[in-house]
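In: fold the following, please.
(2 chains)
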Amino acid sequence: MKLIIVAGTPGAGKTSILLHTIKILKQSYKPSVVKIDCLNTDDDKRFAKLDVPVLLGLAKDMCPDHFSIYNIQEMIEFANKNKSDMLIMETAGLCHRCAPYTNNSIGVCIIDATSGPNNPTKVGPFLSSADIVAITKGDIISQAEREIFRERILEVNPNCKIIDMNGISGQGAAELANMISKITICESKTDSLRHNAPFSVCTLCVGEKRVDKKHHRGLLRKMDGFQQYIGE
Amino acid sequence: MHIIENITIIGGFDKKGNPEIITELIVNKGEIIGIVGPTGSGKSQLISDIEQLAQFDTSSKRQILINGKTPSYELRNNPRKKMVAQLSQNMNFVADMTVTEFLTLHAKCRGKSINDVGKIITLANELTGEPIKQNDNLTILSGGQSRALMVADVAIISESPIVLIDEIENAGIKKYEALELLSGQGKIVLVVTHDPVLALTSQKRIFMKNGAMQGIIFSTVEERIASEKLNIIDKNMLVLREKVRAGETITNINF
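Out: Next up is the predicted model:
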């Protein structure tokens, strides 16, 4: 089964773009869709209108990207149960330090051109380890800025395929569907992440709310970059 | 660079899903084509289809051919090979950087010399009444300054065989000069406009309605004479505009 993992900045147009793309993919595949979000979403209903099996996962108190990674096996079982040959997972995507792409998935990064030309160098592995990068909202800025934005993406991810997309008109959806069809890689039980998630095991992770440094234990990093284990 | 003899616009569908009346239109190099029609008639979409070299994948379902052939992925996506320069209605710069930094970055993207930067600013200042300084931040530029800078940028850095212009008239710049600068020799130029100064400059104009190309209008000798007169009026208007802006009083108008 093809596993497609879609990550992107909030509000970049991930769901809109996927809706257009799934319409095209449906002509040759039987996709299942998993939508991961943090606290609440209606996006699962938007996907359901396409008449494809949809599973919703809310990460609640867990980091949404960690939640997506931890639950991949369950999502694959869901797609298998629905006799799908393709699983599309849309992540909530928040800090971009995590890249939920696995080695045997097709990693699609959706990024908003209006976030400014310095953004690609800030966001990290969710962009730099993607196979396909879809740039949205390019119609709002000038051609010159679009070109600079694109060049910046290639600086951090020289081997990716870039598509200009528009979530409203559906521009680029045919191209994205075509690229997904051409990549033959399939999910496997021995799959691993392309990039490690940030390691953070500290008192904040288990619910400490007090701010002062003296209340914190674990593997912690200071403003000056010094990282140490504080605790027993 | 790729040599372009012509582009073919293969008609798609209008907003109601009916096939377009103009099913095929070939635009040859050296031609300036106007695109006219009411708001919402699909002018910007037509421009955007050409910019993306659409392959049935836009809302209009049009296809664009280069020299009668389907363009490659590289031609469609790599800006270094890109054959289309576009000046859109959207004049917003979102980049938080100075004019010089921006032009330098863009020149690098297109594989052009960074020595052109000063030349672009000088050129832009010939088109606008309010001079742009090289250390101005992009985001503080006025509509007219942004537009003038984009015109000069398109003319020098994005120098391409196909030039698409979307409503140049909305900003206070010298339209006719801007069009001359952009069109150059042997290019394919398409101009979306409501403005008779520009519309009458083109040899042909496409009339749009309801998202579709409805017909082709050929300009007459009378129209060409009218166009020259309008250009003189337009220049005088710009002079008046700058005077009003500078707090001067207008004593007489003779044009």
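
In: ranges for the helices of chain B?
Out: Assignment of helices within chain B using DSSP state H yields the ranges B:43-51, B:73-77, B:99-109, B:116-127, B:143-156, B:175-183, B:196-199, B:221-245.

In: output the ones you listed in TSV, with distance to B:Asn67 appended to each entry.
Out: For every residue, glycine as well, the C-beta is placed using N, CA and C. Converted to TSV, the helices of chain B look like this (distance: least, CB to CB, whole Å):
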stretch	distance to B:Asn67
helix B:43-51	14
helix B:73-77	11
helix B:99-109	25
helix B:116-127	29
helix B:143-156	23
helix B:175-183	20
helix B:196-199	27
helix B:221-245	30
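
In: and the residue nearest to B:Leu181 when sequence neighbours are not counted, what does it touch?
Out: Excluding its sequence neighbours, the residue lying closest to B:Leu181 (CB to CB, 6 or more residues apart in numbering or on different chains) is B:Ala155, at 4.9 Å. By CB atoms under 8 Å, 6 or more residues apart in numbering or on different chains, B:Ala155 lies in contact with B:Leu123, B:Leu181, B:Leu182, B:Gly184.

In: least reliable of the helices of chain B by average pLDDT, please.
Out: Among the helices of chain B, helix B:73-77 carries the lowest mean pLDDT, at a mean of 77.

In: just checking, what packs against that helix?
Out: Helices and strands touching helix B:73-77, by 3 or more CB pairs under 8 Å, 6 or more residues apart in numbering or on different chains; DSSP states H and E, are strand A:161-164.

In: can the strand it packs on be said to contact chain B?
Out: Yes. Strand A:161-164 comes into contact with chain B (CB under 8 Å from any CB of the partner chain), by way of A:Ile162, A:Ile163, A:Asp164.

In: surely B:Ile162 and B:Ile4 touch.
Out: Yes. Using CB atoms under 8 Å, B:Ile162 is in contact with B:Ile4, at 6.7 Å.

In: the more surrounded of these two?
Out: More crowded of B:Ile162 and B:Ile4, by other CB atoms under 10 Å in any protein chain shown: B:Ile162, with 22 against 19.

In: what is in contact with B:Ile162 and B:Ile4 at once?
Out: Residues touching both B:Ile162 and B:Ile4 (CB under 8 Å, 6+ apart) are B:Met83, B:Ile188.

In: distance check, A:Met75 against A:Thr91.
Out: A:Met75 is 11 Å from A:Thr91, where distance means CB to CB, to the nearest Å.

In: got the residues of chain A near chain B?
Out: Counting by CB under 8 Å from any CB, chain A sits next to chain B at A:114, A:116-118, A:139-145, A:147-148, A:150-151, A:162-164, A:169-175.

In: 7 Å - rerun?
Out: Contact residues (CB under 7 Å from any CB of the partner chain) of chain A with chain B: A:114, A:116-117, A:139-145, A:147-148, A:150-151, A:162, A:164, A:169-175.

In: I'd guess A:Ile135 is in a strand, am I close?
Out: Yes. Counting by DSSP: H, G, I helix; E, B strand; the rest coil, A:Ile135 falls inside a strand.

In: look at the closest residue to chain B within chain A and tell me its secondary structure.
Out: Among all residues of chain A, A:Ala174 sits closest to chain B, at 3.8 Å; criterion: CB to the nearest CB. The three-state label for A:Ala174, taken from three-state DSSP, comes out as helix.

In: neighbours around B:Ser142, how many?
Out: For B:Ser142, the neighbour count with other CB under 10 Å is 15.

In: ok so, going back, neighbour count winner among A:Met75 and A:Thr91?
Out: Neighbours were tallied for A:Met75 and for A:Thr91 using other CB under 10 Å; the higher tally belongs to A:Thr91 (26 against 21).

In: quick check: buried residues in the longest helix along chain A?
Out: Counting residues, the longest helix found in chain A (DSSP H) is helix A:143-156. Within helix A:143-156, the residues that count as buried by 16 or more other CB atoms under 10 Å in any protein chain shown are A:143-154, A:156.

In: so which two of the residues you listed are the farthest from each other?
Out: A:Gln143 and A:Val156 (21.4 Å; CB to CB).

In: residues contacting A:Ala174?
Out: By CB atoms under 7 Å, 6 or more residues apart in numbering or on different chains, A:Ala174 lies in contact with A:Ile24, B:Asp57.

In: roughly how far apart are it and A:Lys30?
Out: Distance from A:Ala174 to A:Lys30, by CB to CB: 19 Å.

In: spell out which parts of chain B neighbour chain A.
Out: Selection of chain B residues close to chain A by CB under 7 Å from any CB yields B:52, B:57-59, B:77, B:79, B:85-86, B:88, B:90, B:92-96, B:105-106, B:109-110, B:150, B:153, B:158.

In: 8 Å - rerun?
Out: By CB under 8 Å from any CB, the part of chain B that sits against chain A consists of B:48, B:51-52, B:55-59, B:77, B:79, B:82, B:85-88, B:90-97, B:102, B:105-106, B:108-110, B:150, B:153-154, B:157-158.

In: that's all I had, so thanks and see you.
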